[in-house]
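> Sequence first, then the predicted structure:
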Amino acid sequence: MPPRYAHSDDAGADLFAAESAVLQPGERALIGTGVAIALPEGYAAFVVPRSGLAAKHGITVVNSPGTVDAGYRGEIKVTLLNTDRHEPFRVEAGDRIAQLIITPVSRAVFVPVEELPSSVRGEAGFGSTGVRG
Ligand SMILES: O=c1ccn([C@H]2C[C@H](O)[C@@H](COP(=O)(O)OP(=O)(O)OP(=O)(O)O)O2)c(=O)[nH]1
């Protein structure tokens with residue numbers, strides 16, 4: 001049974017608050033979701049904010065994207081932050097507070113080399129493609 005609000009093209013699986021909390025302006029809170037998962041090896045899940053909560057109430061995820069490792073079996077928790085400067089934000093148990101993106105990942109390790117292969121960008125960094133960025 002899909003979650004009751006989901007659209008068929010949603011990339012993220014909804015995460016719901018398992019507890020209530022009030023976040024004062026500038027305050028953060030670790031909110032449990034009551035969800036534990038077992039990802040296949042080679043996958044990771046990322047806890048990301050909901051755009052609507054961010055735009056309407058300034059609610060974001062402090063460590064976005066929060067990384068859920070394949071071997072993690074504990075409850076997924078969401079570190080919500082109220083960035084609004086004036087309004088408190090009330091979270092009720094059952095509210096959709098974030099979403100979970102599940103994706104294959106490469107496992108990377110740094111290997112020292114003398115030289116890197118060339119590329120069009122080379123070493124040109126932030127904002128190097130135009131004044132108006
Ligand atoms: O938003 C998040 C981020 C992480 N986790 C869980 C799953 C993850 O596998 C574990 C550890 O997260 P992370 O590796 O980002 O934390 P760390 O601070 O590096 O701690 P650790 O030493 O436990 O890896 O915490 C969550 O429940 N929510």
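Thanks, I have it.

> three-state assignment of residue 44?
strand (DSSP: H, G, I helix; E, B strand; the rest coil).

> quick one: contacts for it?
The neighbours of residue 44, taking CB atoms under 8 Å, 6 or more residues apart in numbering as the test, are 67, 68, 69, 70, 102, 103, 105. For every residue, glycine as well, the C-beta is placed using N, CA and C.

> Return only those of those found close to the ligand.
67, 68, 69 (CB under 6 Å from any ligand atom).

> Now, those residues that are in strands?
67, 68 (DSSP state E).

> ok, and the most crowded of the ones next to the ligand among the contacts of residue 44?
When those are compared by neighbour count (other CB atoms under 10 Å), residue 68 ends up highest, at 22 neighbours.

> Identify each buried residue in stretch 48-55, please.
48, 49, 50, 53 (16 or more other CB atoms under 10 Å).

> Mark which of these are part of helices, please.
residue 53 (DSSP state H).

> returning to that earlier point: want to try TSV for the ones next to the ligand among the contacts of residue 44, with pLDDT and distance to residue 91 as columns?
Formatted as TSV, these follow (pLDDT from 0 to 100; distance: CB to CB, whole Å):
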residue	pLDDT	distance to residue 91
67	98	22
68	98	20
69	97	25
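
> Pick the one among the ones next to the ligand among the contacts of residue 44 closest to residue 11.
residue 68 (15.4 Å; CB to CB).

> Am I right that the closest one is in contact with residue 36?
No: at 9.9 Å, residue 68 and residue 36 do not qualify as touching, with contact defined as CB atoms under 8 Å.

> mind listing the helices for this structure?
Under the criterion DSSP H, the chain contains helices at 51-57.
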